[in-house]
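Undergrad: Give me a 3D structure for the following:
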Amino acid sequence: MEALFCLSPRYRLDDESPWLEGIDPSRHYWIAVNGEKKATMALPGLIVSSVSEFKAVIRQFRSLQPGEIMSLARISSRCMIRCVSPNCYALESRINDAPVWHLFDQETLDSLLMTAHPDWQCGPSGVELGRNLLLRSLAQTTATKS
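TA: Residues are numbered from 1 along each chain as shown. This is a model prediction of the structure:
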């Protein structure tokens with residue numbers, strides 16, 4: 001049995017290195033992994049259809065206890081939030097086929113989740129990030145057909 005190798009970049013709102021590139025209209029969180037601009041990736045974020053659903057999901061997140069997992073369902077993917085310990089949460093992803101937990105404190109992840117509010121609108125740079133995600137998706141589709 002092969003040992004699991006996990007990387008765990010950690011992010012806080014007051015980090016010295018800027019890690020948040022932006023949030024696109026589809027609520028993907030664009031982050032520079034460990035502040036490295038060359039390693040930017042999009043993590044799927046929270047999407048809700050109503051204010052009442054938004055409130056319920058935020059309450060669920062805030063009530064997570066260590067060891068508990070919360071799933072953010074999206075149309076084509078699923079994002080898992082894992083409460084690692086008090087004030088430490090992990091968003092799971094993969095980088096170069098390696099499992100990665102992006103670690104956040106509660107304030108930071110709460111701030112990211114707040115962008116799911118139906119009234120939130122991204123800035124112009126977020127729209128450009130959304131275009132980049134679409135282009136990546138089209139490139140992958142083209143590559144698999146070849």
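Undergrad: So what would you say the end-to-end distance of stretch 85-103 is?
TA: Using CA to CA, to the nearest Å, one end of stretch 85-103 lies 11 Å from the other.
Undergrad: Which stretches in the protein count as helices?
TA: With DSSP state H as the criterion, the chain has helices at 51-62, 106-113, 124-145.
Undergrad: could you point out where the chain is predicted with low confidence?
TA: Low-confidence segments of the chain (pLDDT under 70): 1-9, 76, 133-134, 136-146.
Undergrad: ok, and the closest non-adjacent residue to the most centrally placed residue in it?
TA: When CA atoms, centre = their mean is applied to the chain, the residue found nearest the centroid is L43 (3.4 Å). Nearest residue to L43, sequence neighbours excluded (CB to CB, 6 or more residues apart in numbering): Y29, at 4.5 Å. Where C-beta positions appear, they are placed from N, C-alpha and C, glycine not excepted.
Undergrad: The closest residue to Q106 other than its chain neighbours: neighbouring residues, count only.
TA: Of all residues not flanking Q106 in the chain, N87 sits nearest, at 5.1 Å (CB to CB, 6+ apart). Burial of N87 is recorded as 12 neighbouring residues (other CB atoms under 10 Å).
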